[in-house]
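Novice: sequence and predicted structure are below.
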Amino acid sequence: LGSKIPSEIELAELFQVSRVTANKAIKEMSVMGVLDRVRGRGTFVCSDQSISTESKAFGSAMKLDIGGSRKHQIVQFKIVKAHPELARKANVSEDELYYEIILVNKTKEKNESLDYTYIPVRLVDDITKSLNYLSSHFVYDYLKTLATAHPKFVKIFVNIPHYPFLQTVDFLLENSEEMSIFSTDVYDVNMHLLATTYTTYPSSSLDIPLLTFSI
């Protein structure tokens, strides 16, 4: 806490993204209270990270719409065994069971992106009653309602490979031949992965923020 983070240019080079994307990520994390931008000095990790979970933060490519609503629709829901990549990330066996929840993120004109969310079955016996909540809230907020989960940290990873399990419903998106993907991962205080959301969207899409939330 209180540490200075790399500059926009350095972040863009580090993650191989445009400077515009790096700038948007910093701006939105600043609004969340995670980062503090100090003119003439740089950007720092806030010493007091009291992030409000009342903010509806989404690991998705939806644009910010103050006063609007999240136009997400569940297109697939099932229980699956951990994909090899997910098993490695979570440090679990490939026999570990996960709820797979796929949502399409809509604008008035088209389907813009897809969210593939994975939550361990061991955290919640029956998630079906919570699906409507998950379609309008960030997974972090959902995990806060569970007695079995204690979310503490969120990490965002960019330039995720287009794994086969992230291609299930690509047909719902226009220009889906080349996809950009990032993941939003939620951890407990011991840095154990509680849930992850992969967001996929066509690389031809313009002006897609890394993280979107309404306040």
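Specialist: That came through fine.

Novice: count the residues that sit near residue 101.
Specialist: Using other Cβ atoms under 10 Å, residue 101 has 23 other residues around it. C-betas here are computed from N, CA, C, even on glycine.

Novice: that one is in what secondary structure piece?
Specialist: Here residue 101 sits within strand 97-106, counting by DSSP states H and E.

Novice: try residue 92
Specialist: Applying DSSP H and E, one finds residue 92 in no helix or strand.

Novice: excluding residues flanking it in the chain, which one is nearest it?
Specialist: residue 82 (5.8 Å; Cβ to Cβ, 6 or more residues apart in numbering).

Novice: tell me the contacts of that neighbour?
Specialist: Contacts for residue 82 (Cβ atoms under 8 Å, 6 or more residues apart in numbering) come out as 90, 92-98, 118.

Novice: which one of the residues you listed is nearest residue 134?
Specialist: Using Cβ to Cβ, residue 118 comes nearest to residue 134 of these, at 11.8 Å.

Novice: okay, and the beta partners of the closest one?
Specialist: Beta-bridge partners of residue 118, counted by DSSP bridges, are residue 100, residue 196.

Novice: what's the weakest-modelled helix or strand in the protein?
Specialist: Between all helices and strands in the chain, the lowest mean by mean pLDDT, DSSP states H and E belongs to strand 56-58, at a mean of 43.

Novice: partner strands of the helix or strand that that one is followed by, with direction?
Specialist: Counting by DSSP H and E, the next helix or strand C-terminal to strand 56-58 is strand 72-81. Here strand 72-81 is paired, per DSSP bridges, with strand 97-106 (antiparallel).

Novice: buried sites along the partner strand?
Specialist: Neighbour-count burial for strand 97-106, counted by 16 or more other Cβ atoms under 10 Å, picks out 98-106.

Novice: can you tell me which residues contact residue 80?
Specialist: Taking Cβ under 8 Å, 6+ apart as the contact definition, residue 80 lies against 97-98, 100.

Novice: backbone dihedrals for residue 134, please?
Specialist: phi -70, psi -20 (degrees, to the nearest 10).

Novice: roughly how far apart are it and residue 140?
Specialist: Residue 134 is 11 Å from residue 140, where distance means Cβ to Cβ, to the nearest Å.

Novice: do residue 146 as well
Specialist: Distance from residue 146 to residue 140, by Cβ to Cβ: 11 Å.

Novice: between those two, which is the more surrounded one?
Specialist: Taking other Cβ under 10 Å, residue 146 and residue 140 do not tie; residue 140 has more neighbours (23 against 15).

Novice: and that one, that one's in a strand?
Specialist: No. Counting by DSSP: H, G, I helix; E, B strand; the rest coil, residue 140 falls outside a strand, being helix.

Novice: quick one: buried residues of stretch 158-169?
Specialist: Buried residues in stretch 158-169, defined by neighbour count with 16+ other Cβ under 10 Å: 158, 160, 166, 169.

Novice: alright, that wraps it up for me.
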